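Peer 1: Next come a sequence and a model predicted from it.
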Amino acid sequence: MTQPWFARAAAALVSASLALSSPPAHAAAGAQDLGLRITRHELANGLRIYLCENHTVPTMSLWTFYRVGSRNERPGITGISHLFEHLMFNGAKKYGPEEFDKALESNGGFSNAFTDKDMTAYYEDFPSSTLDLVMDLESDRMRDLDLSPKSLSTEREVVKEERRFRTDNSIPGKMGELLYAGAYMAHPYHWPVVGWMADLDSIKTADLVNYFRTFYAPNNCTMILVGDFDSKAALAGIEKYFSSLSPGPPPPTVPDNEPPQTGERRIEHHFPAQASSFYAGYHIPAVTSPDLYPLEVLGTLLGTGESSRLNRRLVYQEQIALSASAGFRWRLDPGLFTVYVEMSPEHAVAEGEKSAYDEIAKVAAEGVPERELTKAKNQVRADLLRSLKTNEGRGEQIGTYDLLFGDPGAMGQALARIEAVKADDVKRVAKQYFEARNRTVVVLVPEKEGATP
């Protein structure tokens, strides 16, 4: 599963309640009321808990967010965060290999997970009657995960095969990896979430133990329960299964040490293909910047949907590309706004780059009509609201906003800030961030099958 590029959620109006342990529960207030009731609690060991009751159907979704991703790694162990995503399903002290999914699925449940540059998250969807079992499963692997050489050897090979499939033999996957490697010189966003192959081979069990104690401790975790339950009973269950876990040491701070980019960087990727393509990235601020909201609107009107500017111009009007998209993910540290274009076989990358950059420059020079601005903001809003239709979607967005902002109440603030974006704001950020000196470009150079370097 992959994290959405925008933490899609809307406001939460919440009620206060009583916590079972220190500090007391409190409400995470949002700017608008969409019927969500979220309460926050925290155990003495630092485990942060959000409860959101929804009695529409007798099901629940439990999300467990760990505040760790590839940005927390170092050279030599890149990919270890994603490796843990696999290890977490490979057995612990009480529930051994394959028993986690077997126990859950035999009771009507389902599980999945994702690893990102900034976070790692796990979730289970299950009938309300299965909550006690799910708590037992989660606490077992948080306390006593199998980190043996055998488990490492098994899951390492799985991750390496995933890397071959999704990166080494994937055109967009490899181009995305090269883009970040070229755009970042010092910051950990330089390496891919899946890790470098040599680093995957070099990870030792001692690395796993140290990483687990630091990043998979309750004080580095947020748990979100959404669905058909009684909050008082659910809190009692969480305390029963998780209060005895010991907190870990404070995770090391990740320095924001990336030097300013002073000129365009270009990378060629030679690979068997029928047509060329290009992947361009522009440095943009971290999630705390108010510029993220006009950039969000800009990404939508440039590259989301059939009627977006880049798709309309390159694919339909000029007919030089097969597809065109643009956007970004909200990041804890300064990230990248990306533009990806697949060219038609008979057209060169230079044509696509010229048209794409011209369209962005047009926004920077002329701005956007009010009707187009309103449409883009409505698209963002609709996307946010759709994500809250299910227990799973609500849990993911509560956890995402907690990790990015420290408070799911920021959902409402984000929605209000999107609504407040003006045409001048979009024009300003297009001019400020989308210049050639701030750009890194990866170009696919098609080669015939079997061609040698």
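Peer 2: It's in.
Peer 1: Please, where are all the strands along this protein?
Peer 2: Assigned by DSSP state E, the chain shows strands spanning 26-27, 38-42, 48-53, 59-66, 110-115, 120-127, 221-227, 265-272, 277-284, 321-327, 335-343, 439-447.
Peer 1: Now for residue 212: which residues touch it?
Peer 2: Shown in contact with residue 212 (Cβ atoms under 8 Å, 6 or more residues apart in numbering): 84, 145, 147. C-beta here means a position set from N, CA and C on the backbone, and glycine is covered the same way.
Peer 1: any idea which of those residues is closest to residue 297?
Peer 2: The closest of these to residue 297 turns out to be residue 84 (Cβ to Cβ; 35.5 Å).
Peer 1: you'd agree that closest one is up against residue 207?
Peer 2: No: the pair residue 84 / residue 207 is not scored as a contact, 10.7 Å apart, by Cβ atoms under 8 Å.
Peer 1: Domain-wise, how is this protein divided?
Peer 2: According to automatic domain parsing, the chain comprises the domains 26-242, 265-447.
Peer 1: From the opening residue of the shortest one to its closing one, how far?
Peer 2: Across domain 265-447, the straight-line distance between its terminal residues is 22 Å, by Cα to Cα, to the nearest Å.
Peer 1: any idea of the mean pLDDT in that domain?
Peer 2: Average pLDDT, domain 265-447: 96.
Peer 1: so how far is that domain off the chain centroid?
Peer 2: Between the centre of domain 265-447 and the centre of its chain there are 15 Å (Cα atoms, centre = their mean, to the nearest Å).
Peer 1: can you check the first one too?
Peer 2: The gap between where domain 26-242 is centred and where its chain is centred comes out at 12 Å by Cα atoms, centre = their mean.
Peer 1: And the average pLDDT for that domain is what?
Peer 2: pLDDT averaged over domain 26-242 gives 95.
Peer 1: now what about stretch 352-360, what contacts it?
Peer 2: Contacts of stretch 352-360 (Cβ under 8 Å, 6+ apart): 278, 280, 302, 309-310, 313-314, 318, 320-321, 324, 339, 341, 343, 430, 434, 436, 441.
Peer 1: Let's see that with 10 Å instead.
Peer 2: For stretch 352-360, the external contacting residues (Cβ atoms under 10 Å, 6 or more residues apart in numbering) are 276-278, 280, 282, 298, 302-303, 308-310, 312-314, 317-318, 320-321, 324, 326, 337, 339-344, 347-348, 430-431, 433-436, 439, 441, 443.
Peer 1: and if you look at stretch 230-243?
Peer 2: Residues outside stretch 230-243 that contact it (Cβ under 10 Å, 6+ apart) are 15, 17-21, 25, 37, 39, 41, 43-45, 47, 49, 51-53, 55, 60, 62, 128, 131-132, 134-140, 142-143, 218, 221, 223, 225, 227, 229.
Peer 1: returning to what we had before: out of the contacts of stretch 352-360, which are buried?
Peer 2: Applying 16 or more other Cβ atoms under 10 Å to those, the neighbour count classes 276-278, 280, 282, 298, 302-303, 308-310, 313-314, 320-321, 324, 326, 337, 339-344, 347, 430, 433-434, 439, 441, 443 as buried.
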